[in-house]
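# can you look at this prediction? I've put the sequence above it.
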Amino acid sequence: DTGSALTIDEVTGGAFRGGSISPGLSMRFRSLHEYTGRLPLVTKRSGFTFPGKTTRDAIAGGVMMGLAYEIIEYIRTFEKKYHNPVAVITGGDGGDIAPLTGGKAPLYPDLVTEGLNFLLEANVEEHKSRAGVPDGTPGNRCCRSEKCLFTLRQVRHWKPGTAWHVPHPGHGWNKQRGEG
């Protein structure tokens, strides 16, 4: 995930095995400016020369290619450990970094939202089997679990692939649960 920080996650067999966190693009650019006496603040950009012919190009190329090379080296490390690992880039800076990896890590911009939707669909399917519980359950939830966010109406009328709105504080969820 290439956002405020670069996060590398190792997932095998559906289980998280570990990861690493290092500064993202903006933090790297700001650090060079703030922790040196005279380097200018440069922002991410395309069209820089590498290696740089100017200070700004040297900073842009150093930061952007440095991040890309960090990702490529993680991929090489995982290739030694696993047969045909799959690497993808997501996050706010993904569109700028993915092309710099030489195709080693394609851009998957909606990975997080698609993952959350997958979890939501799995939860709703599980709760649909409980939708026969009468509307008189505490807070009108579809089951008796204190942690359940789904109301009977939501579960009964939801269809996979459609938009979903889970109530949250400020939109009546706390009142539904009798809190606030």
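On my side now, so go ahead.

# the bottom helix or strand of this protein by mean pLDDT?
Taking mean pLDDT, DSSP states H and E as the measure, the chain has helix 173-176 as its least confident helix or strand, at a mean of 36.

# is the spatially closest residue to Gly95 that is not a sequence neighbour in a bridge, and if so with what?
Nearest residue to Gly95 in three dimensions, chain neighbours excluded: Leu107, at 6.1 Å (Cβ to Cβ, 6 or more residues apart in numbering). The C-beta positions use only the backbone N, C-alpha and C, and glycine is treated the same way. Beta-bridge partners recorded for Leu107 (DSSP bridges): Ile89.

# roughly how far does Leu107 sit from Gly61?
20 Å (Cβ to Cβ, to the nearest Å).

# repeat for Ala87
From Ala87 to Gly61 the distance is 22 Å (Cβ to Cβ).

# swap in Ile71?
When Ile71 is compared with Gly61 (using Cβ to Cβ), they lie 16 Å apart.

# can you pick out the residue with more neighbours from these two?
Higher neighbour count among Ile71 and Gly61: Ile71, with 21 against 18, using other Cβ atoms under 10 Å.

# the more buried one: helix or strand, and which one exactly?
According to DSSP states H and E, Ile71 maps onto helix 55-81.

# check which residues of that helix are buried.
56-65, 67-68, 71-72, 74-75, 78 (16 or more other Cβ atoms under 10 Å).

# same check, this time on stretch 39-48
Leu39, Val42, Lys44, Phe48.

# using pLDDT, spot the least trustworthy of the residues you listed.
Across the buried residues of stretch 39-48, the smallest pLDDT goes to Lys44, namely 78.

# neighbours of Gly24, how many?
Other residues close to Gly24 by other Cβ under 10 Å number 22.

# what of Ser22?
Using other Cβ under 10 Å: Ser22 sits among 12 other residues.

# and it, helix, strand or coil?
Under DSSP: H, G, I helix; E, B strand; the rest coil, the three-state class of Ser22 is strand.

# still on that earlier bit, and which of the buried residues of stretch 39-48 is nearest to Ile97?
When the buried residues of stretch 39-48 are compared for distance to Ile97 (Cβ to Cβ), Lys44 wins out at 8.8 Å.

# tell me how far the closest one lies from Thr36.
Lys44 is 18 Å from Thr36, by Cβ to Cβ.

# residue contacts, Arg30?
Residues near Arg30 by Cβ atoms under 8 Å, 6 or more residues apart in numbering: Leu41.

# how close does it sit to Met64?
For Arg30, the distance to Met64 equals 14 Å [Cβ to Cβ].

# surely Gly102 touches Ile72?
Yes. With contacts counted by Cβ atoms under 8 Å, Gly102 reaches Ile72, the gap being 7.4 Å.
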